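I would like to see how this sequence folds:
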Amino acid sequence: MTGMDLLALLGDTLAKGLVLLLAALAAVRWLARGSAARRYAVWTASFVGLLLLPIGSLVLPSLAPRSMTVALMPNGRQTGPVAPPTTGTVARPPTSARMAGREHGMPMPRTAEASYSTRWRRLARAAAPSLLAVWVAGVLLVLGRLGRDVSRIHGLTQRAAVLRRGPLLEIATEVAAELGVWRPVRIALSRELAVPIAWGWFRPIVILPAAARRWDPERRRVVLRHELAHLQRGDYAGHLIIELACAMHWPNPLSWTAARRARLDQEQACDDRVVALGTGPVEYAEHLLQIARAFARPMPHARGALAMAAAATLPDRMRAILDLGLDHRPAGRAAILAVAGVAVAVGVPTAALRPWSEGPRERALVAQLEAPDAGARREALWSLGVRGAGGAEPAIVRRLRDDDPATRGVAAWALGKLGDRGAVDPLVLALRDPDAHVREMAVLALGELREDRAIPALAAMAGDSEHGVRSVMTVALQHIQGEPAAEALARLVRTDADAHTRVMAAGALGKFRSRARRPALEAALADTDPDVRANAACALEGIGGRESVPALLTALARESDTDAGEAMIRALGVSKDPRATDGLIVALTDTVPRLRERAAEMLGKLGDERAVDALIAATRDPDHVVRLTAVWALDALRESH
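As a prediction, the model looks like this:
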């Protein structure tokens, strides 16, 4: 599996783990007045599920619908996966809309819209090793703490004195019989302990403080009932499961909250067993409190064993022991089977569910690329591109030599979606494809990859015979940025025979920080096509500054197109250059009301007092909107001075 595959599996596991824990919290809340043993059974099932989630996600059949690969036709009906738009879909925007979206630039082909998913996929691929390393480091830290504590407990056990005979061992034998613990359990004493503990799975042991020799028989019985109840219930195995699940899901804060709740319910379940065997609730609470007071020193290896009187859980346990309204019964076989059944019913669909998955698994889609049907190959390419299947890149590159031109085009599109810059060379070769659709898709893909190495090859596409290829090439160069890209766009603005290509090149050039942009855009103010002149003026407006004011004034004086003239007036207004005032005053007398209105607005923004007389005259303009704008401009001039 690749780093992205592992990162996806990790994210999938953490997200599903959150769902499982939320379900467990809801179930535990519902059982709040029920027995602690039942709540702990719910916690145990949920933590087992957390550990099994990645395995289930890999081996269980996916429950995800294939709707992610379904496209919508223009009429809203659903159809199967389709290829990206062909060259014929790159249409010139209507003249009436040429000034629309001034703040957002000129319209682009649908496939050339900002591809945020590709950008995030590229970032995720670059960050995958670091993110996985952080997760592994967290896992090792949690497991390291657990291993350290288990090692310390093991060393303490080696130094403890195991009892062979005596009153303590006799009471332990009686308690084991009461609880039904039939396998051998060792009882030991240690001077290093502050509280009684139980630990071990294959060879369980209860270790008591050395002071236990001085305890009265009743306290010995109470303590041994609690600790042997842990062993009878298999709590140490549950404790390790919780620790391992927390290690795997350490980024999820809910896992730590659930672990604390589970440990509390585990201790309360053992408390209930002690009370059920005949110890009075008040007497038992007093024993716990006295043990906690006598041995208040915290245990330094708490994760390695089950401690009887841990300070963190003691207050809640005391309240539960004395609350006669709670259910203190142990979890019977029927309750455990019911919890297991619900856990399977919830956990299996959760592990199999992949709401963000797109259709078949990557291996099946790669195999589908060899299908004899071209439509099936295109469908597989589309799905692989949508899901960002980096492991399929070699197979997708081979499809650039497919006999079907549409399949080659979708292959180029898919390589752009993968976001791997290693695909630049195959895509550059695809720029020589005899089919214009394939060349267009290769251009767009190179733009999405944002690789400087592609600029010379893209710039060479300025000589392509298909205007659609040249148009999308402007979008690709805008994505890549850089001085070579700006120079290529500048050449297109000046020399391309297709007006729409010059329009798009001018809009793209305005997004650059380049020495080449301003001279090319100023030259475009004299273009024969009004759309080009309008878009060049819009680009200069976005750039701002005073350098282009002379060129704008000259162009405005001879401009006959309303939209282009308005764009030039706006560009002059944002220049903050007093030289623009005279040209705007002239525009204030234009025969077109919209241009007079815009000139009045820009004069108000310039703040030049020389415009006062002209604006006063404009307050008598025959057009109501022009008059109101002139009044606003006069107020703006007064406030600026």
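
pass me the low-pLDDT residue ranges in the stretch 301-450 of the chain, would you?
When residues are selected by pLDDT under 70, those of the stretch 301-450 of the chain lie in 301-302, 309-312, 354-360.

could you rerun that using 80?
Applying pLDDT under 80 to the stretch 301-450 of the chain flags the ranges 301-303, 308-314, 324-328, 330-333, 335, 347, 351-362, 387-391.

leaving out chain neighbours, which residue sits closest to residue 566?
residue 598 (5.3 Å; C-beta to C-beta, 6 or more residues apart in numbering). (Glycine included, C-beta is placed from N, CA and C.)

can you point me to the longest helix in this protein?
helix 116-159 (DSSP state H).

so which elements touch it?
The elements that helix 116-159 packs onto, with contact taken as 3 or more C-beta pairs under 8 Å, 6 or more residues apart in numbering; DSSP states H and E, are helix 3-30, strand 186-190, strand 197-199, strand 205-209, helix 235-248, helix 405-418.

give me the next element, helix or strand, following it.
Following helix 116-159 in sequence order, the next helix or strand is strand 161-162 (DSSP states H and E).

show me which positions of the helix or strand following that next one end up buried.
Where DSSP H and E defines the elements, the next helix or strand beyond strand 161-162 is helix 167-179. In terms of neighbour count (16 or more other C-beta atoms under 10 Å), helix 167-179 has its buried residues at 168, 171, 172, 175, 176, 178, 179.

give me the distance between the residue lying closest to the fourth one once chain neighbours are set aside and residue 196.
Going back to what we said before, that points to residue 175. Excluding the flanking residues, the one nearest residue 175 by C-beta to C-beta, 6+ apart is residue 224, at 4.6 Å. Per C-beta to C-beta, to the nearest Å, residue 224 is found 8 Å from residue 196.

of the two, which one has the most company?
residue 224 (28 against 22; other C-beta atoms under 10 Å).

so that one makes contact with residue 169?
No - using C-beta atoms under 8 Å as the test, residue 224 is too far from residue 169 to be in contact (9.9 Å).

next, count neighbours for residue 166.
12.

list the contacts for it?
By C-beta atoms under 8 Å, 6 or more residues apart in numbering, the contact set of residue 166 is empty.

what's the neighbour count on residue 499?
Count around residue 499 with other C-beta under 10 Å applied: 16.

before we move on, back to that, can you redo the helices and strands packed on helix 116-159 as TSV with mean neighbour count and distance to residue 585?
Putting the helices and strands packed on helix 116-159 into TSV (neighbours: other C-beta atoms under 10 Å; distance: least, C-beta to C-beta, whole Å) gives the following:
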stretch	mean neighbour count	distance to residue 585
helix 3-30	18	61
strand 186-190	19	98
strand 197-199	26	92
strand 205-209	24	97
helix 235-248	20	73
helix 405-418	27	50
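
present these as CSV; the columns should include distance to residue 553.
Below are these laid out as CSV (distance: least, C-beta to C-beta, whole Å):
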stretch, distance to residue 553
helix 3-30, 55
strand 186-190, 95
strand 197-199, 88
strand 205-209, 94
helix 235-248, 69
helix 405-418, 43
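
residue 50: which of these is closest?
Of all these, it is helix 235-248 that lies closest to residue 50, at 4.1 Å by C-beta to C-beta.

so which strand or helix has residue 437?
Counting by DSSP H and E, residue 437 is found in helix 436-449.

what's the first helix or strand after that helix?
helix 455-460.

who touches the closest residue to residue 49 other than its chain neighbours in this structure?
Once flanking residues are discounted, residue 49 sits nearest to residue 347: 4.2 Å by C-beta to C-beta, 6+ apart. With contact taken as C-beta under 8 Å, 6+ apart, residue 347 is in contact with 20, 45, 49, 52, 53, 56.

run the last query once more with 10 Å
With contacts defined as C-beta atoms under 10 Å, 6 or more residues apart in numbering, residue 347 is in contact with 16, 19, 20, 23, 45, 46, 48, 49, 50, 52, 53, 56.

now swap in residue 271 and tell me
So residue 271 contacts 36, 225-226, 229, 279, 281, 284-285, 288, 308, 313, 317-318, 320-321, 328 (C-beta under 10 Å, 6+ apart).

could you redo the last one with a cut-off of 6 Å?
Counting by C-beta atoms under 6 Å, 6 or more residues apart in numbering, residue 271 touches 317, 321.

just say helix, strand or coil for it.
helix (DSSP: H, G, I helix; E, B strand; the rest coil).

thought residue 505 was touching residue 493?
Yes - here residue 505 reaches residue 493: they are 4.7 Å apart, a contact under C-beta atoms under 6 Å.

what about these two, which has more around it?
residue 505 (36 against 29).

just the element for the nearest residue to the more buried one once chain neighbours are set aside, please.
Among residues not flanking residue 505 along the chain, residue 492 sits closest, at 3.9 Å (C-beta to C-beta, 6+ apart). Here residue 492, judged by DSSP H and E, is contained in helix 483-495.

now what about the following helix or strand past that helix, what contacts it?
On the C-terminal side of helix 483-495, the nearest following helix or strand under DSSP H and E is helix 499-509. Contacts to helix 499-509, defined as C-beta under 6 Å, 6+ apart, come from residues 92, 105-106, 467, 470-471, 474, 478, 489, 492-493, 496, 517, 524, 529, 531-532, 535-536, 539.

what separation do you get for residue 377 and residue 437?
If you go by C-beta to C-beta, the gap between residue 377 and residue 437 works out to 15 Å.

ok, the two, which is more surrounded?
residue 437 (24 against 21).

restrict the strand or helix carrying residue 224 to CA atoms and write it as CSV.
Secondary structure from DSSP H and E places residue 224 in helix 217-233. Only the C-alpha atoms of helix 217-233 are listed here, as CSV (Å, rounded to 0.1, in the frame of the first residue of the first chain):
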residue,chain,number,x,y,z
PRO,A,217,-9.8,-11.0,58.4
GLU,A,218,-12.8,-9.0,57.1
ARG,A,219,-10.6,-6.5,55.3
ARG,A,220,-8.5,-9.3,53.8
ARG,A,221,-11.7,-11.0,52.6
VAL,A,222,-13.0,-7.7,51.1
VAL,A,223,-9.8,-6.9,49.3
LEU,A,224,-9.4,-10.5,47.9
ARG,A,225,-13.0,-10.5,46.8
HIS,A,226,-12.4,-7.4,44.8
GLU,A,227,-9.1,-8.5,43.2
LEU,A,228,-10.2,-12.0,42.4
ALA,A,229,-13.4,-10.6,40.9
HIS,A,230,-11.1,-8.8,38.4
LEU,A,231,-9.5,-12.2,37.5
GLN,A,232,-12.8,-14.1,37.4
ARG,A,233,-14.2,-11.5,34.9
